[in-house]
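[1] can't give you the sequence, but here's the structure:
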């Protein structure tokens, strides 16, 4: 089938800059995919059997595809047309079944199970979901290839709210826009949960990285996240239902509805093209860049596919980039990769010059940035419940070079006290310490129960009662090494994990933080392999309690803590200086919370 002619607004050369590690990676992988199939397909094309259209020879190649709900109608239309037009791969027609499914659900399933998923192609709305699915190391193999479509993330407002902020003439950064919208208290912003929505996550990461926020620090970002969390929807499909229903959209008329929404341009296009003029949304495109939903075409467990399936999957990807499919995508409000945004499509979605609708983010947010943003969201919105387990073995009395005679324990105490200041009264923090035979035959001791920092101290330990924070600070200050005590790491880790599972608190980020300056030295306890097996057996995805293990100093084994922590979906870290514990702990909580 030859290329269909393109509409006029799709034939101009690309002007929008394309950059970013993810795009370079997907292009490279796509090249490998094509080259990998080339040995067989080059001959097939030469012989005319990698057909384009015409009568099919033999049975059709059947493939199942799951796609983000917003792009499913367009892709399903393309799949139906491919069948009607007898689009072929190696002389066999394509028979693609397309099912809509939220990207976060697919990412979770692919990342937590190696079982056959029942589909061969996945089209999420963002490459962030592919990264998330591949992050566990025990997932179904994924091969992302070309971006099928794009849609920038924007802030959409009802006309009255947009007018109040000077739309379309006035432009803002992400930080300035959210501050202006929320500052008066009259404009309520709705969004989808960043843990379940790439749109919400990309917007939140843009706010966090915005120049205006950088000057205010993490506290202001957390405050913005807290404001957004009050009007969060479970999924993208539910956000528009929260919009003010009348034309004014004021708080007085709609106190429980939103006058502004974090939306993709395509979602605004779909809304506006089905509404009357007075109720159409107006779009702000922040001048520090709009992150893009990039819809990466992803082959699932490519090694398990037959040659016919692999070639058919690549043929359908090519078909989605051809003129007829591009026209369908364009008419449904999606942008075409490497093509300029057109004024007519942007105006239909609610944008207008001088809003900088052609400016994509200078560099797409990295996986680390997204993890940190989601971790911040998890902690800020859900609060944290952390059991802190501190090594009290004799080696913690070792002086740290260059620290004026301070020991590992001295600096660890100071770092923990500094970290404590970063948590809110709603967070729950507890303390254990450990060394061999610390409490009879046990290697560990519960020093402070894991309860809310803002609540009254439980079990005494502070003058005049005080709060849990006061008691915990006193307990941190009282930590001392046990002379002759060895590192009973494995038994302690298992006991703390089991205790955290038993006392799991829904709605919070539950985790166990283990700080150690050495390797396990208890030869009479559980082995490393047995510990890892037991942790995997006990780990429940519905009640996750990741281990965050921080190895402190030169006598530690980073591989050991990484292997043990990974068994629970957590992470292991190594620092050379105990003074780094504070920053590493907060980074770890954010990163692991983001998973």
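    That came through, no problem. Keep in mind that what you see is a predicted model, and the values were worked out from it rather than measured.
[2] look at residue 550 and give its secondary structure.
    Here residue 550 is recorded as strand under DSSP: H, G, I helix; E, B strand; the rest coil.
[3] ok, now which ones touch it?
    The contact partners of residue 550, taken as C-beta atoms under 8 Å, 6 or more residues apart in numbering, are 513-516, 561, 572-575, 581, 584-585, 588. Where you see a C-beta, it was placed from the backbone N, CA and C, and this is true even at glycine.
[4] state the distance from it to residue 471.
    Note on residue 550: its distance to residue 471, by C-beta to C-beta, to the nearest Å, is 23 Å.
[5] before we move on, back to that, now, which of the contacts of residue 550 lie within strands?
    513, 514, 515, 516, 572, 573, 574, 575 (DSSP state E).
[6] from these, which is closest to residue 497?
    When those are ranked by distance to residue 497 (C-beta to C-beta), residue 514 comes first, at 9.2 Å.
[7] quickly note the distance from that closest one to residue 560.
    For residue 514, the distance to residue 560 equals 11 Å [C-beta to C-beta].
[8] and those two? which has more neighbours close in?
    Each of residue 514 and residue 560 has its neighbours counted (other C-beta atoms under 10 Å); residue 514 has more, 26 against 20.
[9] residues touching the more buried one, list them.
    389, 489, 492, 493, 496, 547, 548, 549, 550, 561.
[10] I figured the fifth one hits residue 512, correct?
    It refers to residue 496. Yes: counting by C-beta atoms under 8 Å, residue 512 is a contact partner of residue 496 at 4.9 Å.
[11] which residues are in contact with each of those two?
    Common neighbours of residue 496 and residue 512 (C-beta under 8 Å, 6+ apart) are 387, 389.
[12] who has more neighbours out of these two?
    Taking other C-beta under 10 Å, residue 496 and residue 512 do not tie; residue 512 has more neighbours (28 against 24).
[13] can you pull the pLDDT of the more buried one?
    The model reports residue 512 with a pLDDT of 96.
[14] ok, the one 10 residues further on next?
    For residue 522, the model assigns a pLDDT of 84.
[15] for the one 3 residues further on, same thing?
    Among the per-residue scores, residue 525 shows a pLDDT of 87.
[16] name the element the closest residue to it other than its chain neighbours belongs to?
    Nearest residue to residue 525, sequence neighbours excluded (C-beta to C-beta, 6 or more residues apart in numbering): residue 491, at 4.1 Å. Using DSSP states H and E, residue 491 sits within helix 489-502.
[17] which positions in that helix come out as buried?
    By neighbour count on 16 or more other C-beta atoms under 10 Å, the buried set for helix 489-502 is 489, 490, 491, 492, 493, 494, 495, 496, 497, 499, 500, 501.
[18] same check, this time on stretch 72-88
    Those would be 72, 74, 75, 76, 77, 78, 79, 82, 85, 86, 87, 88, for stretch 72-88 by 16+ other C-beta under 10 Å.
[19] bridged to the last one, which residues?
    On DSSP bridges, the residues paired with residue 88 through beta bridges are residue 93.
[20] hmm, residue 94 and it touching each other?
    Yes: with contact defined as C-beta under 8 Å, residue 88 counts as touching residue 94 (7.1 Å).
[21] anything in contact with each of these two?
    Counting by C-beta under 8 Å, 6+ apart, the shared contacts of residue 88 and residue 94 are residue 315.
[22] measure stretch 378-397 end to end?
    36 Å (C-alpha to C-alpha, to the nearest Å).
[23] report the rounded mean pLDDT for that stretch.
    On average, the pLDDT along stretch 378-397 is 88.
[24] cool, stretch 423-438 as well?
    In the prediction, stretch 423-438 has an average pLDDT of 90.
[25] so which bits of it are buried?
    For stretch 423-438, by 16+ other C-beta under 10 Å, it's 423, 427, 428, 429, 430, 431, 432, 433, 434, 435, 436, 438.
[26] that one: how far from the chain's middle?
    Relative to the mean C-alpha coordinate of its chain, stretch 423-438 is positioned 28 Å out (C-alpha atoms, centre = their mean, to the nearest Å).
[27] so how far is residue 124 from the spatially closest residue to residue 294 that is not a sequence neighbour?
    Distances taken as C-beta to C-beta, 6+ apart put residue 147 closest to residue 294, at 4.6 Å, once the chain neighbours are dropped. According to C-beta to C-beta, residue 147 and residue 124 sit 11 Å apart.
[28] in the stretch 1-150 of the chain, which spans are strands?
    Here the stretch 1-150 of the chain has its strands, by DSSP state E, counting those that start in this stretch, at 61-67, 88-89, 92-100, 121-123, 142-147.
[29] so where's the stretch 51-200 of the chain uncertain?
    Within the stretch 51-200 of the chain, the ranges that satisfy pLDDT under 70 run 51-58, 136-138, 184.
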